[in-house]
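Q: structure for the following, please:
(one chain, ligands or ions: 3)
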Amino acid sequence: MTEAETIERLRSVGWRGDALPAGQLRLARVVAQHRAGYELHDGVALFGAQPAGHFLKRGLDPAERPAVGDFVELEPGNPPHIAKVLPRRSVLSRAAAGERYERQIIATNIDYVLVLTGLDGDFNPARIERYLSLTEDSGAQPVVLLSKLDIRDDADALLATLRSRLPAGTPIHAINGKDPASVAELSRYLQPGDSAVLVGSSGAGKSTLTNTLLGTQRMATGEVRAHDSRGRHTTTHRALLQLPSGGCLIDTPGMRELKLTGEENLDLFADIDELAQRCRFADCGHGSEPGCAVQAALDNGELSAERWRNYLKLRDEREEQAATLEARLRRQRGGRPPTKPHGHRGGRERE
Ligand SMILES: Nc1nc2c(ncn2[C@@H]2O[C@H](COP(=O)(O)OP(=O)(O)OP(=O)(O)O)[C@@H](O)[C@H]2O)c(=O)[nH]1
Ligand SMILES: [Mg+2]
Ligand SMILES: [Zn+2]
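A: Residues are numbered from 1 along each chain as shown. Ligands and ions are numbered 1, 2, ... in the order given. Here you go, the predicted structure:
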């Protein structure tokens, strides 16, 4: 097969480059990961593969192992082995739940992160801000999706609240995930070569939307509990699917906990940082200090109390996670000082 043919084939699974890496190894994309191994697609066929031994070494950062969305080089065999993960153009990750700090990859090589929230009891702007913070450094564009438009009469009001809270320019779409006409506007994110990952709580409607975009009931869906709109964790594995529109979509299981990794910038709240710069005292605690610009903004309604609270919560969590990450990196270096300061945006020092 010529290089052009191989590229053409890989395009259908989201390959973007105009050239292939040097070498003769076969390329494919990771579409699913199971306990027993990986599922790959090379644009023609779906097949199983095992990771090469070096990926199984203890102490290896889990982020270096093949993940859903990765393009990989294969060594022939039965089954073939994943020899190498090609450089990623974007990575969406979170800190894994639990005591030990661990970065967990949600998806790689994606162009859009579709943050899906139900307009039912799932609706929660603070959680959307958390998702957007995680997306900031991923290299992918965030898109906010609100599902279940068909069951909510006051959707316009919720939408307006959200628009005023999120940075201007954040794309927001309210949809009925069961209706092909309603989701058609999302095709702009799912053109040939595009890859998108769907994230959101269990029951938000990720698999329902995936099925509508696919045009078939490929993914299992589950009812939500009536009293709190929570889902039942119907989807248990991430799956990368090729859509009729030519793009690739990764459906994911609803995540119970969504911890920051400590590497976020919280650019979403840059306006609050700017506000805090205007306080009379550089070390203002934004409580009852005279000349506090934050309190003034809270008093005159310029800054909503809810958004301020969420900012403080995410900022503290980010700081805590950054300290844990720093300690871990120091241990890995054997106590030597960092080569690259774990810097955050300037202005932080004043607080
Ligand atoms: N009315 C309405 N119901 C929807 C919509 N989207 C999803 N649902 C319903 O919401 C429930 C949950 O949908 P799923 O697609 O299984 O949710 P999920 O996000 O994939 O959940 P997990 O796989 O558990 O993470 C199902 O009963 C769907 O029929 C929508 O836009 N409108
Ligand atoms: Mg699902
Ligand atoms: Zn202040």
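Q: and the contacts of stretch 39-54?
A: Stretch 39-54 is contacted by residues 8-13, 15, 26-33, 37-38, 60, 65-66, 72, 74-75, 79-83, 240, 242 when judged by C-beta atoms under 8 Å, 6 or more residues apart in numbering. (C-beta placed from N, C-alpha, C; glycine too.)
Q: show the buried residues in the residues you listed.
A: Buried subset of the contacts of stretch 39-54 (neighbour count, 16 or more other C-beta atoms under 10 Å): 9-10, 12-13, 15, 26-33, 38, 65-66, 72, 74, 80-83, 240, 242.
Q: from those residues, which land in strands?
A: If you go by DSSP state E, the buried ones among the contacts of stretch 39-54 have 26-33, 38, 72, 74, 81-83, 240, 242 in strands.
Q: now stretch 174-181: mean pLDDT?
A: The average pLDDT for stretch 174-181 rounds to 98.
Q: show me how this protein divides into domains.
A: 3-85, 91-251, 267-350 (automatic domain parsing).
Q: what's the first-to-last distance across the first one?
A: End-to-end distance for domain 3-85, by C-alpha to C-alpha, to the nearest Å: 19 Å.
Q: please identify the most buried of the domains of the chain.
A: Comparing the domains of the chain by mean neighbour count (mean count of other C-beta atoms under 10 Å), domain 91-251 ranks first with a mean of 19.
Q: tell me if that domain is near ligand 2.
A: Yes - using C-beta under 5 Å from the ion, domain 91-251 reaches ligand 2 at 206-207, 234-235.
Q: how distant is stretch 203-216 from the center of its chain?
A: Its chain's C-alpha centre and that of stretch 203-216 lie 18 Å apart, by C-alpha atoms, centre = their mean, to the nearest Å.
Q: over to stretch 187-206?
A: 10 Å.
Q: close to ligand 1, is that stretch?
A: Yes - using C-beta under 6 Å from any ligand atom, stretch 187-206 comes into contact with ligand 1 via 200, 202-206.
Q: any idea which element the most centrally placed residue in the chain lies in?
A: With distances taken as C-alpha atoms, centre = their mean, the chain has residue 92 as the residue nearest its mean C-alpha position (4.4 Å). Element membership for residue 92, per DSSP states H and E: strand 91-95.
Q: could you measure from the nearest residue to residue 262 once chain neighbours are set aside over to residue 113?
A: Leaving aside its chain neighbours, residue 262 sits nearest to residue 321 (3.2 Å; criterion: C-beta to C-beta, 6 or more residues apart in numbering). In this structure, residue 321 and residue 113 are 19 Å apart, going by C-beta to C-beta, to the nearest Å.
Q: pLDDT on the strand holding residue 92, on average?
A: The model assigns strand 91-95 a mean pLDDT of 94.
Q: and it, what does it pack against?
A: Applying 3 or more C-beta pairs under 8 Å, 6 or more residues apart in numbering; DSSP states H and E, one finds that strand 91-95 contacts strand 103-108, helix 125-135.
Q: now the helices for the stretch 151-300 of the chain?
A: Secondary structure of the stretch 151-300 of the chain, counting by DSSP state H, counting those that start in this stretch: helices at 155-165, 180-183, 206-214, 270-277, 293-299.
Q: so which of the ones you listed comes closest to ligand 3?
A: Closest to ligand 3 of the helices of the stretch 151-300 of the chain is helix 293-299 (C-beta to the ion; 4.4 Å).
Q: what residues does that closest one touch?
A: The contact list for helix 293-299 (C-beta under 8 Å, 6+ apart) reads 272, 275-279, 284, 286-289, 302-303, 305, 308.
Q: CA atoms of it as CSV?
A: What follows is helix 293-299 as a C-alpha-only set of coordinates in CSV (Å, rounded to 0.1, in the frame of the first residue of the first chain):
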residue,chain,number,x,y,z
ALA,A,293,-12.6,45.0,45.1
VAL,A,294,-14.0,41.5,45.3
GLN,A,295,-16.5,42.4,48.0
ALA,A,296,-17.5,45.5,46.1
ALA,A,297,-18.2,43.4,43.0
LEU,A,298,-20.1,40.8,45.1
ASP,A,299,-22.2,43.7,46.6
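Q: wait, what's in contact with the residue of the chain most remote from its centre?
A: Largest separation from the mean C-alpha position in the chain: residue 290, at 40.1 Å (C-alpha atoms, centre = their mean). Applying C-beta under 8 Å, 6+ apart to residue 290 gives the contacts residue 280.
Q: let's number from 12 now, not from 1
A: Okay, using 12 as the starting number, the last item reads as residue 301.
Q: and residue 258, what is it in contact with?
A: 25, 198, 200-207.
Q: nearest spatial neighbour of it, skipping sequence neighbours?
A: residue 201 (3.2 Å).
Q: where does that neighbour land on pLDDT?
A: Looking at residue 201, the pLDDT reads 98.
Q: can you check residue 48 too?
A: Note for residue 48: predicted pLDDT of 94.
Q: beta-bridge partners for it, please?
A: Counting by DSSP bridges, residue 48 forms beta bridges with residue 45.
Q: distance of residue 326 from ligand 3?
A: As judged by C-beta to the ion, to the nearest Å, residue 326 and ligand 3 stand 14 Å apart.
Q: I meant to write residue 206 there.
A: 42 Å.
Q: same question for residue 233.
A: 46 Å.
Q: so who does the closest residue to that residue other than its chain neighbours touch?
A: Among residues not flanking residue 233 along the chain, residue 245 sits closest, at 3.6 Å (C-beta to C-beta, 6+ apart). Residues in contact with residue 245 (C-beta under 8 Å, 6+ apart) are 213, 218, 231-233.
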